[in-house]
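Undergrad: give me a model of this one.
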Amino acid sequence: MSHAESPPVRVVVLGCGVIAYWVHLRLLQNLPGATLAGASDPDPDARARARTLVRVPIVEDSQQLLENDNIDAVVICAPTHLHADLATAACKAAKHVFLEKPIATNAADSLRVMNAAGEAGVSAMLGFNRRFHPMFEQARAMIASGELGRVRAVQTAFCEPMSLTDMAKWRRSRSTGGGVLLDLASHHVDLLRWFLDDEIEFAEATISSDASEHDSATLALSLRGGAQVQSFFSYRTARADVLEFIGEKATLRIDRHEPTFTLKVERRFGYGTRTRHVVPSRSVAAWRVQRLVRPSRDPSYRRALGAFVDSIRGAAPSLASFSDGARSLDVILAAEASAKAHAPVRVPG
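TA: Model (predicted):
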């Protein structure tokens with residue numbers, strides 16, 4: 001049976017919190033190749049809110065959905081400290097798993113999740129949706145083509161302002177998976193590995209706790225290929241999500257909240273730099289048109305879920321694997337260790 005002829009994948013969502021309400025439940029209702037078949041959440045308020053959005057069974061206990069033989073796949077959007085148990089249970093029930101990042105809160109649980117997926121032989125994907133953003137895809141191709149030359153340094157910032165009253169309880173404590181390193185930096189760590197096709201060797205961090213635990217952090221990373229990274233993450237500043245790659249021939253800045261690249265090269269005459277126009281890919285051009293109607297539109301979530309569904313139906317898209325999730329977590333754990341030791345820490349191989 002071809003990919004186009006295979007039956008729709010019956011998907012359920014485990015966890016009906018903010019990200020599920022605003023993203024996954026909405027997208028899965030009309031995602032090609034998929035059928036939203038149910039959802040679960042132990043919180044009655046979350047279930048009630050989800051019922052205003054979708055007309056599918058929404059239950060309290062996720063096990064009720066995992067025991068249903070008619071369900072093919074799960075999308076796990078629960079708080080981070082529940083990721084490992086839910087993903088392991090889903091794999092044991094022979095369900096394909098899309099797991100929101102990070103993979104877990106500790107290395108032992110990360111290994112447990114990877115082993116469960118390997119033993120079950122299911123499609124398993126980490127929710128690093130930024131890899132599927134058309135602008136990020138084009139930027140990665142530019143770096144791979146050598147347009148920047150060798151990338152020697154990277155500067156990044158990812159900040160999501162969040163007052164304590166608006167912050168979910170689990171986000172306020174590291175023990176339940178909160179803090180900007182797990183919640184925000186895990187995205188940039190994965191992107192660095194993906195953009196540069198390289199591994200991170202050393203991590204060094206400082207962490208501060210103002211209104212909640214680990215609500216701001218600085219991060220310095222050294223990659224095996226020699227690139228040096230400086231990053232800042234916070235819940236306490238204005239919104240930002242930028243990456244700037246400094247190469248030997250050019251500098252490329254990507255801002256997720258803007259529809260254009262900034263590519264700086266040497267001036268043809270005289271001292272200084274000039275901005276070189278970047279012709280947008282077809283996907284980037286389409287996204288820019290969509291932004292005219294909906295400026296906040298981010299196509300990466302839909303494209304990531306679509307790749308997951310396509311992989312189940314027999315296609316072979318490039319997915320962010322559980323192994324990618326484990327590598328990102330290894331870097332975060334090393335960064336946390338360095339903050340306590342006040343010294344760089346080698347990331348486990």
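Undergrad: okay, now the nearest residue to E119 once chain neighbours are set aside: neighbour count?
TA: Excluding the flanking residues, the one nearest E119 by Cβ to Cβ, 6 or more residues apart in numbering is C91, at 7.3 Å. Quick note: C-beta positions are derived from backbone N, CA and C, even for glycine. For C91, the tally of surrounding residues (other Cβ atoms under 10 Å) stands at 26.
Undergrad: so C91 sits against A116, correct?
TA: Yes: between C91 and A116 a contact is recorded at 3.9 Å, counting by Cβ atoms under 8 Å.
Undergrad: just to revisit the earlier point, got a list of what the residue nearest to E119 touches?
TA: Contacts for C91 (Cβ atoms under 8 Å, 6 or more residues apart in numbering) come out as 97, 113, 116-117, 119-120, 122, 124.
Undergrad: farthest-apart pair in those, please.
TA: Greatest spacing in the contacts of C91, by Cβ to Cβ: V97 and E119 (12.7 Å).
Undergrad: between the two, which is the more surrounded one?
TA: V97 (27 against 10).
Undergrad: next up, identify which helix or strand the more buried one is on.
TA: V97 belongs to strand 96-99 when assigned by DSSP states H and E.
Undergrad: so M162 sits against R171, correct?
TA: Yes: taking contacts as Cβ under 8 Å, M162 lies within contact range of R171: 7.4 Å.
Undergrad: of the two, who's got more company?
TA: R171 (25 against 20).
Undergrad: how about the more buried one: what's its closest non-neighbour residue?
TA: For R171, the closest residue by Cβ to Cβ, 6+ apart turns out to be G178, at 4.1 Å.
Undergrad: which residues touch stretch 100-111?
TA: With contact meaning Cβ under 8 Å, 6+ apart, stretch 100-111 is reached by 19, 75-77, 80-81, 83-84, 87, 112-114, 126-128, 174-177, 182-183, 186-187, 190, 322, 325-326, 328-330, 332-333, 348.
Undergrad: which of these count as buried?
TA: Buried members of those, scored by 16 or more other Cβ atoms under 10 Å, are 19, 75-77, 80-81, 83-84, 87, 112-114, 126-128, 174, 176-177, 182-183, 186-187, 190, 322, 325-326, 328-330, 332-333.
Undergrad: in helices only, show me the residues you listed.
TA: Of these, the ones assigned to helices by DSSP state H are 19, 83-84, 87, 112-114, 186-187, 190, 322, 325-326, 328-330, 332-333.
Undergrad: relative to A220, how far out is F232?
TA: Separation of F232 from A220 (Cβ to Cβ, to the nearest Å): 11 Å.
Undergrad: same check on S110?
TA: In this view, S110 and A220 are 23 Å apart by Cβ to Cβ.
Undergrad: more neighbours, the two?
TA: S110 (24 against 16).
Undergrad: can you give the distance of the helix or strand that contains that one from its chain's centre?
TA: Following DSSP H and E, one finds S110 within helix 107-120. Relative to the centre of its chain, helix 107-120 is centred 19 Å away, using Cα atoms, centre = their mean, to the nearest Å.
Undergrad: who's in contact with the residue nearest to R171?
TA: When contacts are counted by Cβ under 8 Å, 6+ apart, G178 is found next to 80, 170-172, 212-214.
Undergrad: same check on A250?
TA: A250 touches 147-149, 263-265, 276, counting by Cβ under 8 Å, 6+ apart.
Undergrad: so R268, which of the three states?
TA: With DSSP: H, G, I helix; E, B strand; the rest coil as the basis, R268 sits in coil.
Undergrad: check the residue lying closest to L86 once chain neighbours are set aside and give its pLDDT.
TA: Of all residues not flanking L86 in the chain, I76 sits nearest, at 5.1 Å (Cβ to Cβ, 6+ apart). I76 is assigned a pLDDT of 98 by the prediction.
Undergrad: state the distance from I76 to G325.
TA: From I76 across to G325, the span is 12 Å (Cβ to Cβ).
Undergrad: in which helix or strand does T275 reside?
TA: Secondary structure from DSSP H and E places T275 in strand 273-276.
Undergrad: which is the next helix or strand following that strand?
TA: Past strand 273-276, the next helix or strand by DSSP H and E is helix 282-293.
Undergrad: elements contacting the helix or strand that that following helix is followed by?
TA: Counting by DSSP H and E, the next helix or strand C-terminal to helix 282-293 is helix 300-312. Packing contacts for helix 300-312, counted by 3 or more Cβ pairs under 8 Å, 6 or more residues apart in numbering; DSSP states H and E, involve strand 9-14, helix 25-28, strand 73-76, strand 96-99, strand 124-126, helix 134-144.
Undergrad: coming back round to it: farthest pair within the contacts of A250?
TA: G149 and R276 (13.6 Å).
Undergrad: so for this protein, the centremost residue is which one?
TA: Geometric centre of the chain, nearest residue: F128, 2.6 Å, by Cα atoms, centre = their mean.
Undergrad: what sits against that one?
TA: Going by Cβ under 8 Å, 6+ apart, the list of residues near F128 reads 101, 187, 190-191, 194, 304, 320, 324-325, 328.
Undergrad: can I get these in JSON lines with pLDDT and distance to R224?
TA: Output for those, formatted as JSON lines (pLDDT from 0 to 100; distance: Cβ to Cβ, whole Å):
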{"residue": "K101", "pLDDT": "96", "distance to R224": "22"}
{"residue": "H187", "pLDDT": "97", "distance to R224": "21"}
{"residue": "D190", "pLDDT": "98", "distance to R224": "16"}
{"residue": "L191", "pLDDT": "98", "distance to R224": "16"}
{"residue": "W194", "pLDDT": "98", "distance to R224": "15"}
{"residue": "A304", "pLDDT": "97", "distance to R224": "27"}
{"residue": "A320", "pLDDT": "95", "distance to R224": "20"}
{"residue": "D324", "pLDDT": "97", "distance to R224": "16"}
{"residue": "G325", "pLDDT": "97", "distance to R224": "20"}
{"residue": "S328", "pLDDT": "98", "distance to R224": "16"}
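Undergrad: fine, thanks again, bye for now.
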